[in-house]
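1. Have a look at this prediction, sequence included:
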Amino acid sequence: MLDRQRFGATADMKRYQSLAKEFSKRIEEGILLPGDRLPSVRKLSRGRHVSPATVLQAYRLLEDGGSIQTRARSGHYVSPHWRAATQKPQISLPPRTAAAVDVRDLVFELLQTIQSRDFVSLGSSFPGPEHFPHAKLASALHASARKLDPRSIYDDIPLGNPELRRLISRRYMECGCDVRMEEIVITSGALEALSLSLQAVTRPGDIVAIECPAFYVVLEAIERLGLKAVEVPTHPRDGMSVPALAEAIERHPIKACWLMTSFQNPLGSSMPEDSKRALVKLLAAHDIPLIEDDVYAELYFGKERRKPAKAFDRGGRVLHCGSFSKCLAPGYRVGWVAPGRHAMQVGRAKMMTTIATSIPTQSAIVEFLKHGGYAHHLRRLRRTLATNQERMLEAIGRHFPAGTRVTTPAGGYFLWVEMPANASAMEVHRLAFDRKISVAPGPLFSARRGFGTCLRLNYGLAWSPKTDAAIATLGKISGAL
């Protein structure tokens with residue numbers, strides 16, 4: 001269940017790895033059953049004469065592999081659906097050559113079906129709207145509008161609301177990043193932050209290293225700016241392979257990397273902390289900037305937010321991009337970028353495009369962060385998403401054909417489903433569309449339209465019998481192909 005490579009097989013195996021391997025074996029053997037509670041961190045620490053940090057590392061490793069789950073204020077439990085998690089998709093093996101990207105027509109064609117309200121929107125890129133505090137946000141917008149100084153419309157161009165940048169800087173501090181508020185640029189959503197970052201560090205014809213599979217927005221942005229992509233092997237649990245990236249750098253004049261290091265879209269993968277540190281070190285050695293797309297950072301299921309690669313950056317090469325759209329206020333279009341040494345280029349690009357982000361919506365976010373119960377909202381949202389993931393994994397296990405593989409992310413709201421070899425994701429998409437179900441087929445996420453047997457499914461919708469029935473329909477379709 002937790003592979004040999006993950007734990008290592010040498011005599012100097014770290015204590016937390018050895019402990020995790022022992023519990024993994026007990027789960028495999030049925031000594032620990034689905035739903036069983038694991039010993040508390042304190043009890044296991046005393047009984048094994050190890051530090052609480054060692055126990056927490058072991059539990060996190062098991063959680064990342066889908067074997068266990070953390071329940072708020074309750075403890076750690078064997079995942080009710082761990083058997084579904086044992087069959088995971090394999091690491092991608094893209095071609096080693098750079099390629100022009102040509103996905104725009106396919107993306108727009110399929111997105112027209114994904115967004116329809118009449119559908120069960122398992123192909124959507126957003127959680128269900130019912131998960132967000134719309135009434136409180138409206139009140140915050142109204143309250144902030146009453147306080148708004150008209151002169152701020154000019155004062156906040158182009159960097160954005162100073163108080164919002166200060167609050168974002170504080171959240172960076174909480175996750176181990178030293179990011180001054182003067183560095184932060186507020187943008188019209190994360191997409192603008194990412195696009196400005198790409199424009200700041202590349203020129204038409206340059207080569208950008210990306211994950212494989214990659215979010216289709218990445219592919220569309222690269223195509224629009226006349227760039228080329230090198231797809232780097234990406235593990236469905238541990239993210240981009242740093243050794244494979246090193247090989248790609250030796251073969252190609254790569255000018256930038258664009259990665260989602262935590263809860264990657266579409267895989268849900270997260271790079272371990274050691275890999276993030278190695279990634280930053282590798283790119284620093286070659287003076288290559290990293291555009292870090294971290295829009296799902298707040299949607300973790302464990303006890304602590306994961307450090308971004310930005311936390312290990314000492315040379316200002318990481319352009320870290322975030323947003324409130326996925327975790328608080330979809331539709332308000334408030335994102336940001338902390339561009340490090342590239343702040344001047346990003347600021348100029350902002351001035352030459354949208355000039356400024358909506359001042360009222362920035363003020364509303366500030367009001368909510370101060371008085372709206374942001375931490376409480378996030379805790380509730382995380383619990384909901386974690387529960388929905390369990391339900392979808394269970395439904396996939398019941399309805400999809402034998403041989404189906406599926407990821408078990410430790411956050412976010414996407415599952416990557418790899419169907420048996422005879423299934424066609426595009427055909428599943430077509431047949432599901434006729435039944436008013438949307439999915440995001442694998443070819444959306446590849447510069448070469450690969451992943452023909454894969455689907456990305458969104459478990460961030462409100463769960464209902466209709467959702468369960470949609471999973472059953474998809475299972476029948478894929479089993480009949």
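-> Sure thing, it's come through.
2. okay, CA-based contacts and neighbour counts for the rest of this
-> Noted.
3. What are the buried residues along the lengthiest helix in the chain?
-> If you go by DSSP state H, the chain has its longest helix at helix 374-399. By neighbour count with 16 or more other Cα atoms under 10 Å, helix 374-399 contains the buried residues 378, 381-397, 399.
4. Repeat that for stretch 284-301.
-> Residues 284, 288-301 are the ones in stretch 284-301 that count as buried (16+ other Cα under 10 Å).
5. Strands of the stretch 351-481 of the chain, residue ranges please.
-> Ranges of strands within the stretch 351-481 of the chain are 405-406, 414-418, 437-438, 440-441, 454-458, based on DSSP state E, counting those that start in this stretch.
6. Thr384 versus the closest residue to Leu32 other than its chain neighbours, what's the distance?
-> Spatial nearest neighbour of Leu32, excluding adjacent residues (Cα to Cα, 6 or more residues apart in numbering): Arg26 at 5.7 Å. To Thr384, Arg26 is 29 Å away according to Cα to Cα, to the nearest Å.
7. just Gly403 next, same as before
-> Counting by Cα to Cα - Gly403 and Thr384 are separated by 28 Å.
8. next one: Ala285
-> Ala285 is 42 Å from Thr384, by Cα to Cα.
9. Equivalent analysis for Ser92, please.
-> For Ser92 relative to Thr384 (Cα to Cα), the value is 30 Å.
10. So this protein: which segments form each domain?
-> The chain is divided into the following domains under automatic domain parsing: 4-83, 100-130+376-480, 133-371.
11. Please dump the ones you listed into TSV; it should also carry mean pLDDT for every row.
-> Output for those, formatted as TSV (pLDDT from 0 to 100):
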stretch	mean pLDDT
domain 4-83	78
domain 100-130+376-480	89
domain 133-371	93
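12. Show me what the strand or helix carrying Lys136 packs onto, helices and strands only.
-> Assessed by DSSP states H and E, Lys136 sits inside helix 134-147. In this structure, helix 134-147 makes packing contacts with helix 359-371, judged by 3 or more Cα pairs under 8 Å, 6 or more residues apart in numbering; DSSP states H and E.
13. Same question for the helix it packs on: list its buried residues.
-> In helix 359-371, counting by 16+ other Cα under 10 Å, buried: Ile359, Pro360, Thr361, Gln362, Ser363, Ala364, Ile365, Val366, Glu367, Phe368, Leu369.
14. okay but Leu431 is in contact with Ile477, surely?
-> Yes. At 7.4 Å, Leu431 counts as touching Ile477 under the criterion of Cα atoms under 8 Å.
15. Longest strand in the chain, please.
-> Longest strand in the chain by number of residues (criterion: DSSP state E): strand 228-235.
16. Convert the C-alpha atoms of that one to CSV, please.
-> This file holds the C-alpha atoms of strand 228-235, laid out as CSV (Å, rounded to 0.1, in the frame of the first residue of the first chain):
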residue,chain,number,x,y,z
LYS,A,228,6.8,25.9,-25.7
ALA,A,229,6.3,23.4,-22.9
VAL,A,230,8.4,20.5,-21.6
GLU,A,231,6.2,18.1,-19.7
VAL,A,232,8.0,16.6,-16.7
PRO,A,233,7.0,13.2,-15.1
THR,A,234,4.7,13.9,-12.2
HIS,A,235,3.7,11.4,-9.5
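17. next SSE after it?
-> strand 239-240.
18. What strands flank that following strand, and is each parallel or antiparallel?
-> strand 228-235 (antiparallel) (DSSP bridges).
19. For the partner strand, report the contacting residues that lie outside it.
-> Identification of contacts with strand 228-235 by Cα atoms under 8 Å, 6 or more residues apart in numbering yields 90-101, 205-213, 222, 240-241, 244-245, 248, 269, 447.
20. of those, buried ones?
-> Applying 16+ other Cα under 10 Å to these flags 91-92, 94, 98-101, 206-213, 222, 240-241, 245, 248, 269, 447 as buried.
21. Please narrow those to those residing in helices.
-> Per DSSP H, these map to helices at Ile222, Leu245, Ala248.
22. For Phe108, the count of nearby residues, please.
-> Close neighbours of Phe108, defined as other Cα atoms under 10 Å, add up to 12.
23. Spit out the contact partners of it.
-> Neighbours of Phe108 in contact, by Cα under 8 Å, 6+ apart: none.
24. Now do stretch 161-168: distance to the chain's middle.
-> Distance of stretch 161-168 from the chain centroid (Cα atoms, centre = their mean, to the nearest Å) equals 24 Å.
25. in it, what's buried?
-> By neighbour count with 16+ other Cα under 10 Å, stretch 161-168 contains the buried residues Asn161, Pro162, Leu164, Arg165, Arg166, Ile168.
26. Buried by neighbour count: which residues of whatever helix or strand Lys25 lives in qualify?
-> According to DSSP H and E, Lys25 maps onto helix 15-29. Buried positions in helix 15-29, judged by neighbour count with 16+ other Cα under 10 Å: Tyr16, Gln17, Ser18, Leu19, Ala20, Lys21, Phe23, Ser24, Ile27, Glu28.
27. repeat for stretch 242-255
-> Val242, Leu245, Ala248, Ile249, Ile254, Lys255.
28. Just the residues contacting that stretch, thanks.
-> Against stretch 242-255 from outside (Cα under 8 Å, 6+ apart): 96, 98, 201-202, 206-209, 230, 232-233, 275, 278-279, 282, 288-289.
29. Recalculate using a threshold of 10 Å.
-> 96-98, 198, 201-203, 206-211, 228-234, 257, 271, 275-276, 278-280, 282-283, 286-290 (Cα atoms under 10 Å, 6 or more residues apart in numbering).
30. From Gly373, how far off is Leu225?
-> Distance from Leu225 to Gly373, by Cα to Cα: 40 Å.
31. Which residue ranges of the stretch 151-300 of the chain form helices?
-> According to DSSP state H, counting those that start in this stretch, the stretch 151-300 of the chain carries its helices in the segments 152-155, 162-174, 189-201, 216-224, 242-251, 273-285.
32. Pipe the ones you listed into a markdown table and attach distance to Phe312 per row.
-> What follows is the helices of the stretch 151-300 of the chain, written out as a markdown table (distance: least, Cα to Cα, whole Å):
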| stretch | distance to Phe312 |
| --- | --- |
| helix 152-155 | 32 |
| helix 162-174 | 12 |
| helix 189-201 | 19 |
| helix 216-224 | 24 |
| helix 242-251 | 15 |
| helix 273-285 | 6 |
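33. Of all the ones you listed, which one comes closest to Gly128?
-> Across the helices of the stretch 151-300 of the chain, Gly128 has its closest neighbour in helix 189-201 (18.0 Å, Cα to Cα).
34. picking up where we left off before, could I get the buried residues of stretch 161-168 as a markdown table with distance to Thr408?
-> As requested, the buried residues of stretch 161-168 are arranged in a markdown table below (distance: Cα to Cα, whole Å):
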| residue | distance to Thr408 |
| --- | --- |
| Asn161 | 38 |
| Pro162 | 39 |
| Leu164 | 34 |
| Arg165 | 34 |
| Arg166 | 35 |
| Ile168 | 29 |
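35. If we only consider the residues you listed, which is nearest to Ala58?
-> Ile168 (30.8 Å).
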